[in-house]
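> When you get a sec, could you give me coordinates for this:
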Amino acid sequence: MQWQKHPIAESVRETKEVVLTIPGSDISEAVMKCGMSTGRDTDKIAETGI
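Model (predicted):
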């Protein structure tokens, strides 16, 4: 399956660690925007200002 090759999935399998971050409502719009792009072709920090 494609998700099994994802770098994050590989890292979780190797380290057996996961970090869960719950952002505040004041940055929810920026967080949602970040979640909608890969970051491969977009500078998420510059684009969202966070």
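> Tell me the confidence at the spatially closest residue to Ser37 that is not a sequence neighbour?
Setting aside the residues directly before and after it, Ser37 is nearest to Lys44 in space (C-beta to C-beta, 6 or more residues apart in numbering), at 6.5 Å. All C-beta spots, glycine's among them, are computed from the backbone N, C-alpha and C. Among the per-residue scores, Lys44 shows a pLDDT of 87.
> same deal with Val19?
Val19 is given a pLDDT of 90.
> What's the local residue count around it?
For Val19, the neighbour count with other C-beta atoms under 10 Å is 5.
> Okay, and it sits in which element?
For Val19, there is no enclosing helix or strand under DSSP states H and E.
> give me phi/psi at it?
With angles defined as degrees, to the nearest 10, Val19 sits at phi -110, psi 130.
> now it: how far from Ala46?
The gap separating Val19 from Ala46 is 23 Å, by C-beta to C-beta, to the nearest Å.
> now Gly49: how far from Val31?
12 Å.
> My read is that Glu47 contacts Gly39, right?
No. Glu47 is beyond contact range of Gly39, at 9.8 Å (criterion: C-beta atoms under 8 Å).
> Give me the residue at the spatial middle of this structure.
Central residue check for the chain by C-alpha atoms, centre = their mean: the C-alpha nearest the mean position is that of Gly35, 6.0 Å away.
> I'd like to know how many residues surround Arg40.
Neighbour count of Arg40, defined by other C-beta under 10 Å: 5.
> do Ala9 as well
Ala9 has 13 neighbouring residues, counting by other C-beta under 10 Å.
> Which per-residue confidence value corresponds to it?
pLDDT, Ala9: 87.
> any idea how far it is from Val18?
For Ala9, the distance to Val18 - C-beta to C-beta - is 11 Å.
> And the helices in this structure, which stretches?
Counting by DSSP state H, one finds helices in the chain at the ranges 7-15, 28-35, 44-48.
> so where's the protein shaky on pLDDT?
Along the chain, the parts satisfying pLDDT under 70 run over 1-4.
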